[in-house]
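[1] Sequence first, then the predicted structure, then my questions.
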Amino acid sequence: MSNNGNELQKRQRRGPTSCKTFKKKASEAKSIQFDEMSRPIGGCVKDFKSYIGALARVNVDINIDDWKKVPQGLKNTIWEDVKKEFNLGDYKKKELVLKVVGM
């Protein structure tokens, strides 16, 4: 900072967290499988977890302390976003994926 007051430099702050590497076409969706314990497995697990975390941070109000209190419409929006980025196989995975988001 300058002492003369003419030049004020703003301190650079962190911006919102997002997964900028995603937002691909549906044909480029990454494939995710789940093991017998319903845990995601495969080479895209790190990206999958990062994406889900970013979705939760951006979409869910920080004051909501219980996933059960999140409106169903918001949960459906998150599910649709996850389906656009990842090929999950079947629609039975919705409850499982939304449970992971709520952790």
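    Alright, I've got the coordinates.

[2] contacts and neighbour counts: CA atoms only from here.
    OK.

[3] in the helix or strand harbouring W79, what's buried?
    Using DSSP states H and E, W79 sits within helix 72-85. Buried positions in helix 72-85, judged by neighbour count with 16 or more other Cα atoms under 10 Å: K75, I78, W79, V82, K83, K84, E85.

[4] remind me which residues of the chain are low pLDDT?
    Confidence mapping of the chain against pLDDT under 70 gives the ranges 1-9, 14-28, 89-92, 103.

[5] ok, which stretches of it are helices?
    45-59, 72-85, 94-101 (DSSP state H).

[6] need the buried residues of helix 72-85 in a markdown table with distance to G43, can you?
    As requested, the buried residues of helix 72-85 are exported to a markdown table (distance: Cα to Cα, whole Å):
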| residue | distance to G43 |
| --- | --- |
| K75 | 26 |
| I78 | 22 |
| W79 | 21 |
| V82 | 17 |
| K83 | 17 |
| K84 | 18 |
| E85 | 15 |
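
[7] of these, closest to R13?
    Set against R13, the nearest of the buried residues of helix 72-85 by Cα to Cα is I78 (27.2 Å).

[8] what separates K99 from S31, distance-wise?
    As judged by Cα to Cα, to the nearest Å, K99 and S31 stand 19 Å apart.

[9] For those two, work out which one has more neighbours and name it.
    Just comparing K99 and S31: by other Cα atoms under 10 Å the higher neighbour count belongs to S31, 16 against 12.

[10] what residues are up against that one?
    Counting by Cα atoms under 8 Å, 6 or more residues apart in numbering, S31 makes contact with C44, F86, N87, L88, G89.

[11] Quick one: buried ones out of these?
    F86, N87, L88.

[12] JSON lines for these, including distance to I52?
    Shown next, in JSON lines, are the buried ones among the contacts of S31 (distance: Cα to Cα, whole Å):
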{"residue": "F86", "distance to I52": "11"}
{"residue": "N87", "distance to I52": "14"}
{"residue": "L88", "distance to I52": "13"}
